[in-house]
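Undergrad: quick check, what structure comes out for this input:
(2 chains)
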Amino acid sequence: MERTLITTSGASGRNDAHVARLLELYRTMARIRAFEEAAEAAVGAGLVKGVVHLSTGQEAVAAGVCLNLTRTDLITSTHRGHGHTLAKGADPRSMMCELFGRASGICGGKGGSMHIADFGIGMLGANGVVAAGIPIAVGAAHAMKLSGEDRIVVCFFGDGAINRGPFLEGLNWAKAYGLPVLFVCEDNQYSATTCTAQVSAGAGPLARARAIGLDGLEVDGNDVVAVDRAAGELIRRVRAGEGPMLLHARTYRIKGHTSSDPGAYRSPDELAAQIARDPLQRAARMLVELGVQPDAIQAIERAAKDEIDAAYAAAAAAPWPEAMHAFSDVQDVGAGQWR
Amino acid sequence: MAVMTYAEAARQALRDAMRRDPRVVAIGEDLGRGGVFGQYKGLQQEFGAHRIIDTPISEATIVGAAVGMALVGHRPVVEMRIADFALCAADELVNQGAKARYMFGGQGRVPLVVRQPIGIWTGFAAQHSQSLEAWYVHVPGFVVVAPSTPADNYALLSAAIRCDDPVIYMEHKELWATSGDVPDGYDAALGKARIARPGNDLTIVTWSKAVHLALEAADAAARDGLSVEVIDLRTLWPWDRETVFASVARTGRLLVVHEAVQAAGFGAEIAATVAECLDGELVAPVRRLGAPRIPVPYAPPLEDAARITAEQILAAARQTVAATRRRRSAAE
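TA: Down below sits the predicted model:
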């Protein structure tokens, strides 16, 4: 096995700290899963406009990476960003209100699902454009280096992004200036509805990164313990000033590209095999093997669902923004000159 | 008072801003050796390579990284070399920089200046000569500036760097070597036009290099007894309606002149707005003069076809005056 492929099968340390950490990871994943299911239901009920891009099945990447960050570390995310935002510490109620387009939304209803940001916890924005978060993350990391701050930046993007120019530009830039950024390729295997492998040359994101001098790891992105360890190792090195790193986390998008895409281009066998790798079920099995009672696991799931149900109910009852707010925060110079 | 070139004035503005505020950094290609036009000469020696940042030829990341820096509190000044190259960073400009504050409900600000020199630059042909200012006016979030003199290049670049909004700052490639007085304490606010020459019979609204052509035409017109007011708009968005309206209300006639392609140029916006708002004051049809809708060609006789000239401006001014009719308000 390649040195850089970290798995946890049969190697779990059976100690309390490990159990406590896995419970924390499980709790984050359960909250993300509950959030995504509620968001999907809200689209179905007509309460969320447009579409949402669900990260169902990809929860281990967000949870495993973000557990290694401090509140003041920074992240950028993608159109499929609910999980990263929650894992970084955003309030699900403010997030759900944003999806519902309400005044109490985290962006006041101006952004919606694709433009969630929470600067208070270092979340510099989801993004509606594939790979567009990469240069922004690189710039934030450049600013950290210029001002001598010890904060680092994690840049989440998908497998589709590695075929866009900013991937090359951004990784090169980060390496050329020695910036404190961890690139996380959350590889769910699909570029919208096209299988990424069919349209991508070469050996993947880590090989591309290595070609320009970045070190990194490849990990089973549905094994939350493995993601936590790999991200922890890379983030330790980024913090130590070793420059940018890349984590390639192989996961799978259980849902379609958007909430209105049934994903019928995937075979039932493919989907069934991937559902059997569900990161929450795998983590639950690990917890049971470590001696955690099933009741305790179910209690985490119930608490997550209750929290998200409350967020859903609050969002459904929350007031709409006043129309006048369409005209705020555009620009200061020229405010009032709309035509 | 100091006499400076347009390039020296910009350099001095950036130098003063960087001395004042450690959050100001400049990012772009070849800045350490002074920039393409010498407008950064000596700055890396003074401020170091960490603040005058030489970058790879990665326009998307130059702008995108600057947006990221701005969102966490820096005040980047980005150099695009020329406006044509900024098109490689269209997403970062239009989808990211212009909208980040708005999309995120005001959580972040993007105090960013994007310098992108415009205009025909003899012999540089179709991909190095465009004047794309109207494109940026069309995007909510941007302030758009196009200075025509050394004094304004000093004052407006200073104001742009102080501004908390993203500013598209368009210098003109054929103005770098022009010189003029930059009076001590000279200031210019974003969004305020300048009356470059007062007059009574016709208002010409223009900006950037075309200001100088319009002044030349106005001098020639004066010899015929025609008094032309030339307004240097300076900031295209927000544009100074007050100054333009006051002038047109007095002269009753408007000609808008720009080097950019006339069709869907910013002159169309000014002409339409004046026609909508000042119809009763107009004594002649509003007129525009811009470039024909052709790419800028290379060979001198071809390139000349893409240029607007003082002669064309003078002819358009005379035609506007010749088309004078009675004021509508008086006729009713």
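
Undergrad: show the contacting residues for A:A311.
TA: By CB atoms under 8 Å, 6 or more residues apart in numbering or on different chains, the contact set of A:A311 is A:35, A:38, A:92-93, A:95-97. For the C-beta atoms, the positions are set from N, CA and C on the backbone; glycine is no exception.

Undergrad: could you dump the residues you listed to JSON lines with neighbour count, secondary structure and distance to B:A10?
TA: What follows is the contacts of A:A311, written out as JSON lines (neighbours: other CB atoms under 10 Å in any protein chain shown; DSSP: H, G, I helix; E, B strand; the rest coil; distance: CB to CB, whole Å):
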{"residue": "A:F35", "neighbour count": "28", "secondary structure": "helix", "distance to B:A10": "50"}
{"residue": "A:A38", "neighbour count": "22", "secondary structure": "helix", "distance to B:A10": "53"}
{"residue": "A:P92", "neighbour count": "24", "secondary structure": "helix", "distance to B:A10": "48"}
{"residue": "A:R93", "neighbour count": "20", "secondary structure": "helix", "distance to B:A10": "49"}
{"residue": "A:M95", "neighbour count": "25", "secondary structure": "helix", "distance to B:A10": "44"}
{"residue": "A:M96", "neighbour count": "29", "secondary structure": "helix", "distance to B:A10": "48"}
{"residue": "A:C97", "neighbour count": "26", "secondary structure": "helix", "distance to B:A10": "45"}
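
Undergrad: chain center to stretch B:212-228, what's the gap?
TA: Here stretch B:212-228 is found 22 Å from its chain centre; the criterion is CA atoms, centre = their mean, to the nearest Å.

Undergrad: let me redo that: stretch A:178-188
TA: On CA atoms, centre = their mean, the centre of stretch A:178-188 falls 11 Å from the chain's centre.

Undergrad: which stretches in chain A count as helices?
TA: A:16-44, A:59-66, A:82-88, A:92-99, A:133-147, A:165-176, A:205-211, A:224-239, A:268-275, A:279-289, A:294-317 (DSSP state H).

Undergrad: I'd guessed B:R318 sits against B:A218; true?
TA: No: in this structure, B:R318 is not within contact of B:A218 by CB atoms under 8 Å, at 11.9 Å.

Undergrad: tell me where the stretch 201-332 of chain B has strands.
TA: Secondary structure of the stretch 201-332 of chain B (DSSP state E, counting those that start in this stretch): strands located at B:202-206, B:228-232, B:235-237, B:254-261, B:287-291.

Undergrad: which elements pack onto the helix or strand hosting B:A13?
TA: In the assignment (DSSP states H and E), B:A13 maps to helix B:6-20. Contacts defined by 3 or more CB pairs under 8 Å, 6 or more residues apart in numbering or on different chains; DSSP states H and E place helix B:6-20 against strand B:24-28, helix B:43-47, helix B:150-162, strand B:179-182.

Undergrad: let's see 10 Å
TA: strand B:2-5, strand B:24-28, helix B:43-47, strand B:75-79, strand B:113-115, helix B:150-162, strand B:179-182 (3 or more CB pairs under 10 Å, 6 or more residues apart in numbering or on different chains; DSSP states H and E).

Undergrad: tell me the angle that helix makes with strand B:75-79.
TA: Calculated by axes from the mean of the first three to the mean of the last three CA atoms, to 10 degrees, helix B:6-20 forms an angle of 160 degrees with strand B:75-79.

Undergrad: buried residues in helix B:6-20?
TA: B:6-14, B:17-18 (16 or more other CB atoms under 10 Å in any protein chain shown).

Undergrad: give me the distance between the residue in the stretch 151-300 of chain A positioned nearest to chain B and A:V138.
TA: Of all residues in the stretch 151-300 of chain A, A:E169 sits closest to chain B, at 4.0 Å by CB to the nearest CB. When distance is defined by CB to CB, to the nearest Å, A:E169 is 8 Å away from A:V138.

Undergrad: intersection of neighbour lists for those two?
TA: With contacts defined as CB atoms under 10 Å, 6 or more residues apart in numbering or on different chains, the residues shared by A:E169 and A:V138 are B:58, B:61, B:64-65.
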